[in-house]
Structure formats: structure tokens, C-alpha cells
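Asks: need a structure here:
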Amino acid sequence: MEEACEHIERIVNSELGKRPRYPLEWGGDRATASADNEINQLDEQLIWRANVAASNRYEGSSESVGLHSDQLTAIGPYPTIASLSLGTTRIFRLREVIPTDEKDERSARTYNIPLAHNTVSQ
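Replies: Residues are numbered from 1 along each chain as shown. Here you go, the predicted structure:
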């Protein structure tokens with residue numbers, strides 16, 4: 001898990017560096033100089049670090065994590081969550097949360113994202 005975490009952090013930081021951060025999105029920690037740090041311009045970089053790691057193992061193609069809502073309020077309104085998929089392709093489903101004042105006006109959209117073996121998504 002620690003080795004996977006190192007790879008995921010490198011990929012996520014590379015992708016986050018390609019776009020501006022959203023308002024209220026947690027920026028990360030200030031980078032510090034170290035022998036293994038691959039980030040340029042250390043004083044200007046915010047570095048995303050994983051603070052939780054979890055794994056699921058599925059016996060067959062019909063097993064999955066069911067529809068649920070993570071209560072991750074402690075990490076802010078726009079957290080960066082990374083997922084590493086190993087093995088067979090699975091569908092990662094995201095359903096948007098509709099604000100209470102918009103529930104009568106529209107329905108939640110669901111996004112189906114196929115994650116192939118060795119895929120990192122964020």
C-alpha cells in the first residue's frame with residue numbers, strides 16, 4: 001500500500017499541476033526540499049498527500065461497493081480523492097449531490113467511468 005501510495009501521489013500531483021485549483025479546493029502542503037522530491041520550484045508548489053488508504057477485493061464481476069455517500073466533511077467541500085484499480089475493468093459510478101434548494105428543479109446526474117486494470121483516477 002505504501003508503494004502504491006507513492007505512485008498515486010506522484011500521478012495526482014502531476015495532474016493537479018496542469019490546472020488552476022478550484023475555489024475552496026484544498027491546495028495541499030507546501031513542498032519541502034528532499035533528495036527524492038521530483039517537484040520543481042519547491043517554494044511555489046502545493047503538494048497533495050494521501051491521508052487515508054483503503055482497499056477492496058472482489059471475488060467476481062457481480063460484486064461491488066453499492067451506492068453510498070461518503071461523509072468527508074472534515075477534508076473540505078472539494079476534496080481530491082484518488083482511486084487505483086487493479087484486475088478486471090470495473091465501472092466507477094459517481095452521482096452528483098443536488099443542493100436542497102434545487103431538488104425540485106433537476107435530478108442528479110450519474111457518471112459511469114470504466115476503470116481498467118492499473119488505472120488511477122481522481
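
Asks: Name the nearest residue to the most centrally placed residue in the chain, sequence neighbours excluded.
Replies: Geometric centre of the chain, nearest residue: Ile81, 2.0 Å, by Cα atoms, centre = their mean. Counting by Cβ to Cβ, 6 or more residues apart in numbering, Ile81 lies nearest to Gln122, which is 6.7 Å off, once chain neighbours are set aside. Where C-beta positions appear, they are placed from N, C-alpha and C, glycine not excepted.

Asks: just Ile98 next, same as before
Replies: Per Cβ to Cβ, 6+ apart, closest to Ile98 is Ala108, 5.1 Å.

Asks: Name the helix or strand for that neighbour, please.
Replies: Ala108 belongs to no helix or strand when assigned by DSSP states H and E.

Asks: Identify the residues contacting it.
Replies: By Cβ atoms under 8 Å, 6 or more residues apart in numbering, the contact set of Ala108 is Arg95, Glu96, Val97, Ile98.

Asks: Quick one, grab the pLDDT at it.
Replies: Looking at Ala108, its pLDDT stands at 90.

Asks: so where is the chain shaky, pLDDT-wise?
Replies: 26-45, 72-76 (pLDDT under 70).

Asks: coming back round to it: could you point out which of the contacts of Ala108 is nearest to Tyr58?
Replies: Using Cβ to Cβ, Arg95 comes nearest to Tyr58 of those, at 20.4 Å.

Asks: where along this structure do the strands fall?
Replies: Per DSSP state E, the chain carries strands over the ranges 29-30, 46-47, 83-85, 90-95, 110-115, 119-121.

Asks: Determine which of those strands approaches Pro77 most closely.
Replies: Here strand 90-95 is closest among the strands of the chain (Cβ to Cβ), at 15.6 Å.

Asks: No further queries at this time; thank you.
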